[in-house]
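*Asks:* Okay, here's the prediction I keep looking at, along with the sequence it came from:
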Amino acid sequence: MDYLVKLPNDSHEWRHIMRKQIMIGVDSFEEIIKENYYYIDKSLLIKDLLENRGKVTLITRPRRFGKTLNMSMMKSFFDARNDNRHLFEGLEIMDHEDIIEKHLGKYPVVFMTLKDVEFRTYDVSIDYIKDLVSGLYKQHLYILEQDLLDDSDKETYMSYRRGKITENKLSSAIMFLTECLYTYYGKKTVVLIDEYDTPINNALQEGYYQEMIEFMRGFLGSVFKSNENLEFGVLTGVQRVSKESLVSVFNNPKVFGITQKAFSGCYGFTEDEVITACEEYGYGDRFCEVKKWYDGYRFGSRDMYNPWSIMNYLSEGELRNYWANTGGLSVLEDIFAKGNLSLKDDTVTSNRESGKGRSDCTIKPDDKSKNAVVVEFKHIKNSLTDDATEHLVSTDSESGVLVAEARKGLEQIEEKAYVHSLTQEGYEKILRYGIAFHKKTCEVAMMQ
């Protein structure tokens, strides 16, 4: 495709070049390949998954790091409904014939993304999830074309399709769909749940966390624990919801966070990939500046770049902060995203005297019906090896240094009564955060 690319900021010229079109915000793998949009090959994620997965695998990465696009790619690869070999021609995964022969198009797949479940009330969130479930059942209506289900199961299937179900019934929606798919295919189902923690993080901000966590325990637990029709499950999210709250309902999940080496190059762009992309789009001589602006993430032993920022830069040709203006906010973004409208009317103070001491950070909305926030930071200053850094955020050990320090931050907030003055000012909903960090690694503990 012949199109214009703007030259660097110190130039007013535009250059005609032949390059694949950069399409920002498209997270459908099939659409990107079919429309021949620019794509950095992440297909070896499939190989990494098959070699490292558990029965249930949870992969956590920050927002805007390609989690939904990678899930869409996995769906296209495993899905038995269509012959999608053509979508993967020329990609690195095709060099692994054993994987192609055994896994390409071999499973029924259920794919759901929860990234848009960000509503003010619990009831609206549940209604939206009902709509998502209805859409899933619509995709698989072919199951009813053959007389494989008995009348009772057909009636149940159509109740999910119409969205005419109770909240308790909704909890078993995906589990029942895997049963129907097994009846049709005679094969177990691959279940992919994208941004599983978005409804939970949003509920924490909006004040209905307990209701949502209880629902999600049933909704995800029914399909991922003791489900004989499950081949394997993959979840992605920004963070690991605590073992006590949610992950314990899964069947011994394998958790891969940013400190693990597995999948380290699969989410975001590696430095070599960014160098190549800059050269392809005429910005090779500006890589050092690009590195200063957009480098800053370390996954496993790799330095990684935020793909949202890089793709926007390649499209716009301007070095600026693209990431901070991206729609919804995670827990930490709500606190620290500079200049975002969500903080426009909030008062942010540091080292504010309150209770028996001074809190590191306090956020007070002008609207006292909204959440106020108190944050206590814990900086681990010791020089640590890479192995020790991995131990800092050990997901299976309560003794992880960062985990323990983050919890100490929460304890300090309570012991020093930092929320006392906020309570006196009339704030009823106060969020507490203990944040421990070492270099580019951090752990967050929270309490409402």
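*Replies:* Ah, there it is.

*Asks:* Regarding the nearest residue to residue 61 once chain neighbours are set aside, what is its secondary structure?
*Replies:* Of all residues not flanking residue 61 in the chain, residue 267 sits nearest, at 4.5 Å (C-beta to C-beta, 6 or more residues apart in numbering). Placement of C-beta: from N, CA and C, glycine included. Residue 267 carries the three-state label coil when classified by DSSP: H, G, I helix; E, B strand; the rest coil.

*Asks:* swap in residue 431?
*Replies:* Under three-state DSSP, residue 431 falls in the strand class.

*Asks:* Tell me which residue is most central in this structure.
*Replies:* The C-alpha lying nearest the average C-alpha coordinate of the chain belongs to residue 237 (C-alpha atoms, centre = their mean; 3.0 Å).

*Asks:* so it makes contact with residue 198?
*Replies:* Yes. If you go by C-beta atoms under 8 Å, residue 237 and residue 198 touch, sitting 7.4 Å apart.

*Asks:* Return the set of buried residues in stretch 209-218.
*Replies:* The neighbour-count criterion (16 or more other C-beta atoms under 10 Å) identifies 209, 211, 212, 213, 215, 216, 217 as the buried residues of stretch 209-218.

*Asks:* Show me which of those residues is closest to residue 364.
*Replies:* Residue 364 has its nearest neighbour among the buried residues of stretch 209-218 in residue 209, at 20.6 Å by C-beta to C-beta.

*Asks:* Tell me which residues touch the closest residue to the closest one other than its chain neighbours, please.
*Replies:* Distance criterion C-beta to C-beta, 6+ apart; nearest residue to residue 209, sequence neighbours excluded, is residue 203 at 4.7 Å. Shown in contact with residue 203 (C-beta atoms under 8 Å, 6 or more residues apart in numbering): 122, 125, 209, 211, 212, 213.

*Asks:* Could you do residue 321 as well?
*Replies:* By C-beta under 8 Å, 6+ apart, residue 321 lies in contact with residue 309.

*Asks:* Give me the below-cutoff pLDDT ranges for the stretch 151-300 of the chain.
*Replies:* 241-248, 251 (pLDDT under 70).

*Asks:* now the helices: where do they sit in it?
*Replies:* For the stretch 151-300 of the chain, helices defined by DSSP state H, counting those that start in this stretch occupy the ranges 151-162, 167-170, 173-185, 198-206, 209-224, 271-280, 287-294.

*Asks:* picking that back up, surely the residue nearest to residue 61 and residue 59 touch.
*Replies:* Yes. Assessed by C-beta under 8 Å, residue 267 is found in contact with residue 59 at 7.5 Å.

*Asks:* Between the two, which contacts overlap?
*Replies:* residue 67.

*Asks:* quick one, helices of the stretch 1-150 of the chain?
*Replies:* Secondary structure of the stretch 1-150 of the chain (DSSP H, counting those that start in this stretch): helices at 29-34, 44-52, 67-78, 85-88, 97-103, 122-139.

*Asks:* how about these in a markdown table, adding distance to residue 438, mean pLDDT and mean neighbour count?
*Replies:* Below are those laid out as a markdown table (distance: least, C-beta to C-beta, whole Å; pLDDT from 0 to 100; neighbours: other C-beta atoms under 10 Å):
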| stretch | distance to residue 438 | mean pLDDT | mean neighbour count |
| --- | --- | --- | --- |
| helix 29-34 | 35 | 97 | 16 |
| helix 44-52 | 25 | 97 | 18 |
| helix 67-78 | 25 | 98 | 23 |
| helix 85-88 | 39 | 97 | 15 |
| helix 97-103 | 37 | 97 | 12 |
| helix 122-139 | 35 | 97 | 16 |
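
*Asks:* No further queries at this time; thank you.
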